[in-house]
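>>> sharing a model that was predicted from the sequence below.
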Amino acid sequence: MHLLAGIGVALGGLLSGVLVVSANAWMNSPAGFLLRDGIATAVDPLAAMANPAWATEAVHMSLAAYAASGFAVAGIHAYKLLRDRENLFHRHALAIALTVGGTAAVLLPVSGDFNARFVAKDQPVKLAAMEGQFRTERGAPLRIGGIPDAAKGTTRFAIEIPRGLSLLAFHDPDAEVKGLEAFPREEWPNPLLVHAAFQVMVACGSAMAAVALFAALLAWKSSENLVRPPFLLAVLCCSPLGIVAVEAGWTVTELGRQPWVIRGVMRTAEAVTPVGGLALPFAFFSALYLALGISAAWLLRREVSKSPSFPAPADGTPVPETEE
Amino acid sequence: MHDLSFLAAGGILVSLILYALLGGADFGGGVWGLLGSGPRAGAQRLLIAHAIGPIWETNHIWVVIAVVILFTAFPPAFALISTALFVPVTLMLAGIVLRGAAFAFHSYHLHDEGGGMRRWGSVFACASLLTPVLLGVVIGAVSSGSLRAQSTAPLGASAAWLSPFPFSVGLLTLAVFSYLAGLVFLAATAALGAHVSLLLRSYPVARICAAAQAIVVLAGWGGAQYPFLVRPDLTIPAAASSHASLRLILIALAAGGVLLFPAIFLLFWVFKKEAVFGRSRKT
């Protein structure tokens, strides 16, 4: 019964995440209605739900959620194992968390590729901002790092991999990639923020995927390798990266859609509430969630420090190491 | 189409009634926690925490369902209520957030002697006091006929809720919630074996009467509102979404009900047998 309830929670969580993403995917590629004089008619809610962006976004976000929580949990157990290597509770927990988070982290670049190719076709202006691509060109390079300068229309200081972007976005090294200049200036998202957030997401995701592959290699040789301090330290460093990557990814998709809230249908400026003085509720809710976040972190810390030690030390002395 | 919109509006009313009955008791619990004083205040708060313990989280389902039906089935009404009543709705939201968080944090501290439990207990109590008042204020303002829908875009925040009628509805809501809670706790006390008195026999009747009272008050309000969602401009059919949307919403509600009601029943059966079904395992 207890296990069954757990399965219910896991399924419910996954399902609600997938459905929430459906709403966001619809904002990116609206479907299921006809616009007549600015009013939506012939509304088909099922077609709206099953909009073209849904599948790729939902898979990517679900994997990202598993990777982020897997690595966050793995980091906590790695931290405890750094102090007490023989603790079986933390050893098993680390293995489970790494299996869940690591599998997702390795699959994320694949789902990311599907997303990027979809965005390249469906929302070329977002792709151009993500990649700091100002000019429309064939055989566009992939830019790693760099600072897009909207005024000058170039991305400076980037490491460019020739034809990389055309290859990744269209699976063809000579494909034409539309640059920001192909679009009216007032339709541009902020390329600096979108590009930076995209780089952060990819960097965090790559680091996690690398650690996950490395973990699989280590575990294949001997499970004892997983509790070596350098590896535990690497897992600990990766612990917050999943959450950072998720936040950065949402920044990419949301800022990359600006100035639209529903792309091509409604501008963000048109959607905002007519209620004035929004700075006050913004400050209030920010402060509220900051306070709640600090309290939750404090309580989590307390729970972690109370975690069981197993095998229990017989007389207060640490269990001697038997292997290695 | 009209029939579907009235069914959807009925769904909102049923959700609100269930929210008052099930959620009302734990709102009231917070209020009673505020009133608890003296040497037994700690024990009283423990009793309250125990009584609403594992079920309080599910109680928010009902307000979520009511809000979701409102914004999917009646978007113009949702737009009007959430802009004109921006201030009370926002404060109510903050109250709900604080209540949930405070209760969860509070229960981590249940067996501590330190200030953590008292601090979060007070936050929980204050939020429990404010939230039902604001819920009542919103219901009162929607019924009072002072919120005007504009044909074009909705106007900004209105001060229409700052009048005696919405506040009297707010206080009524608070009183009903506290009353419901009081009776639930009587049952909890009895079931805990603290005081098994002869009076115990009348508690189930009292609980049924209190629940019936809350149902009748809300059903009466629904009847008086009919056919309006927000008096005097938005009727239920006029504010409704398309036929296709309404049909899907009602199918989703029915399917959700099939899943939800047995689960809720099981939850109460497992955790709250004594309090709700009136059967005590102890004698």
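Sure thing, it's come through. Residues are numbered from 1 along each chain as shown, chains lettered A, B, ... in the order given.
>>> chain A contacts on the stretch 1-150 of chain B?
Taking CB under 8 Å from any CB of the partner chain as the contact definition, the stretch 1-150 of chain B meets chain A at B:82-83, B:86, B:90, B:94, B:97-98, B:101, B:105, B:108. Heads up, the C-betas are built off the backbone N, CA and C, glycines and all.
>>> same list, those residues, but as JSON lines with neighbour count please.
As requested, those are arranged in JSON lines below (neighbours: other CB atoms under 10 Å in any protein chain shown):
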{"residue": "B:82", "neighbour count": "20"}
{"residue": "B:83", "neighbour count": "19"}
{"residue": "B:86", "neighbour count": "21"}
{"residue": "B:90", "neighbour count": "18"}
{"residue": "B:94", "neighbour count": "18"}
{"residue": "B:97", "neighbour count": "16"}
{"residue": "B:98", "neighbour count": "21"}
{"residue": "B:101", "neighbour count": "21"}
{"residue": "B:105", "neighbour count": "21"}
{"residue": "B:108", "neighbour count": "18"}
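>>> from these, which is closest to residue B:216?
Of all those, residue B:82 has the smallest distance to residue B:216: 28.5 Å, by CB to CB.
>>> quick one: contacts for that closest one?
A:273, B:89 (CB atoms under 8 Å, 6 or more residues apart in numbering or on different chains).
>>> check which helix or strand it maps to.
helix B:75-84 (DSSP states H and E).
>>> pull out the buried residues from that helix.
Within helix B:75-84, the residues that count as buried by 16 or more other CB atoms under 10 Å in any protein chain shown are B:76-84.
>>> off-centre distance for it?
For helix B:75-84, the gap between its own C-alpha mean and the chain's C-alpha mean amounts to 20 Å (CA atoms, centre = their mean, to the nearest Å).
>>> the helix or strand just after it: how far from the chain's middle?
Following helix B:75-84 in sequence order, the next helix or strand is helix B:86-108 (DSSP H and E). Its chain's C-alpha centre and that of helix B:86-108 lie 13 Å apart, by CA atoms, centre = their mean.
>>> same question for stretch A:109-126.
On CA atoms, centre = their mean, the centre of stretch A:109-126 falls 14 Å from that of its chain.
>>> and the contacts of it?
Contacts for stretch A:109-126 (CB under 8 Å, 6+ apart): A:28-29, A:52-53, A:56-57, A:59-60, A:63, A:127, A:130, A:168-171, A:177-178, A:180, A:182-183, A:187-189, A:194, A:202, A:205-206, A:209, A:252-253, A:256-257, A:263.
>>> how much space separates the residue most central in space within chain A from residue A:51?
The geometric centre of chain A, computed from its C-alpha atoms, lies nearest to residue A:246 (CA atoms, centre = their mean), at 2.7 Å. Distance, residue A:246 to residue A:51, by CB to CB, to the nearest Å: 21 Å.
>>> how about residue A:203?
According to CB to CB, residue A:203 stands 29 Å off from residue A:51.
>>> quick one, which of those two is more surrounded?
Taking other CB atoms under 10 Å in any protein chain shown, residue A:203 and residue A:51 do not tie; residue A:51 has more neighbours (20 against 16).
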